[in-house]
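> pasting the sequence and the predicted model now:
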Amino acid sequence: MRTARVERTTKESKVLVELNLDGSGQINVETGVPFFDHMLSQLGKHSGFDLTVKTEGDVDVDSHHTVEDTSLAFGQALREALGDKAGIRRFGDAMVPLDEVLVQAAVDLSGRPYLVHRQPEIVELIGTFDTTLGKHIWESIVAEARIALHIRVLEGRNAHHVFEAQFKAVARALRDAVALDGRVSGIPSTKGSL
C-alpha cells in the first residue's frame, strides 16, 4: 500500500495527515476551518485517496497558520506515499466544470516544485475564509510534494465555485498521475529518478 502518516507540530498548529493513494475516497477532515475542510474533502474524494486530516491551529488569530501547515503536511504525505515513484504514470491533467466555472489542472510528479496559478479576481471572503490563501495552499502543497502544478481558471465568477473546481481538477489530475501504469517497469524518467 502506498501510504503515509505525517505529523507536524509548531507553536502555531498541530497537524496529522494520513494518506492512502490506493484508497477509495474515504475522507475524515477536521481543521477548524470549515471551508478548508470542504475543499480538502473534495481533494480526497475526487482523487480516490483515503485522506484523514486532524489539525488544531491558532484559528483565534486567523486561519493562515492552520491552512498553511495543513497544506505543507499534505504535500509531505503525498511525497512520502509515492516512494520512489516506480511504475507511476507521472503526468496527469483534468478539465473540470462547476456551473459557470471551468478549471484546467496539470501535474508532473517530477521531484521539482513549481507552481503556475491563474485565477480571476474574486471576493476576499467566502464566509469567514480568506480567499487570498488560495494560491498559498497550492504553493505549500507543491513545495513539500515537490511536484510541478499548473492551475488555470478559464471561466468563472462565483468564489466558492472557483475554489471548489480547482480542488476537484487537481484531485483528478493527481488521480491520473499517481496511477500505476502496467507499461512502465521502473521510474518514468530518462534520468532514472524523480
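On my side now, so go ahead. Numbers count the residues shown, from 1 in each chain.
> partners of the helix or strand that contains Ile151 in the sheet?
Assigned by DSSP states H and E, Ile151 belongs to strand 148-155. Strand 148-155 sits in its sheet next to strand 101-108 (antiparallel), strand 114-118 (parallel), going by DSSP bridges.
> which of the residues in that strand are buried?
Under the neighbour-count criterion of 16 or more other Cβ atoms under 10 Å, strand 148-155 has 148-153 buried. C-beta here means a position set from N, CA and C on the backbone, and glycine is covered the same way.
> repeat for stretch 130-139
Neighbour counts over stretch 130-139 (16+ other Cβ under 10 Å) mark 130-131, 133-134, 137-139 as buried.
> name the surrounding residues that touch that stretch.
39, 62-64, 67-68, 71, 115, 117, 119, 122-125, 149, 151, 159, 163, 166, 170 (Cβ atoms under 8 Å, 6 or more residues apart in numbering).
> the residues you listed in helices, which ones?
Cross-referencing these against helices under DSSP state H gives 39, 64, 67-68, 71, 159, 163, 166, 170.
> tell me which two in those are the farthest apart.
Across those, the two members that end up farthest from each other (Cβ to Cβ) are His64 and Val170, 20.6 Å apart.
> who's more crowded, these two?
Using other Cβ atoms under 10 Å, the more surrounded residue of His64 and Val170 is Val170, with 27 against 17.
> can you tell me the closest non-neighbouring residue to that one?
Distances taken as Cβ to Cβ, 6 or more residues apart in numbering place Ala105 nearest to Val170, at 4.7 Å, with adjacent residues excluded.
> got any ranges where this structure has weak pLDDT?
For the chain, not a single residue meets the criterion pLDDT under 70.
> where do the strands sit along it?
Ranges of strands in the chain, per DSSP state E, are 3-9, 13-20, 27-30, 50-57, 91-98, 101-108, 114-118, 125-126, 129-130, 148-155.
> okay if I get these as TSV plus distance to Lys85?
Shown next, in TSV, are the strands of the chain (distance: least, Cβ to Cβ, whole Å):
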stretch	distance to Lys85
strand 3-9	13
strand 13-20	15
strand 27-30	24
strand 50-57	19
strand 91-98	12
strand 101-108	11
strand 114-118	17
strand 125-126	35
strand 129-130	33
strand 148-155	14
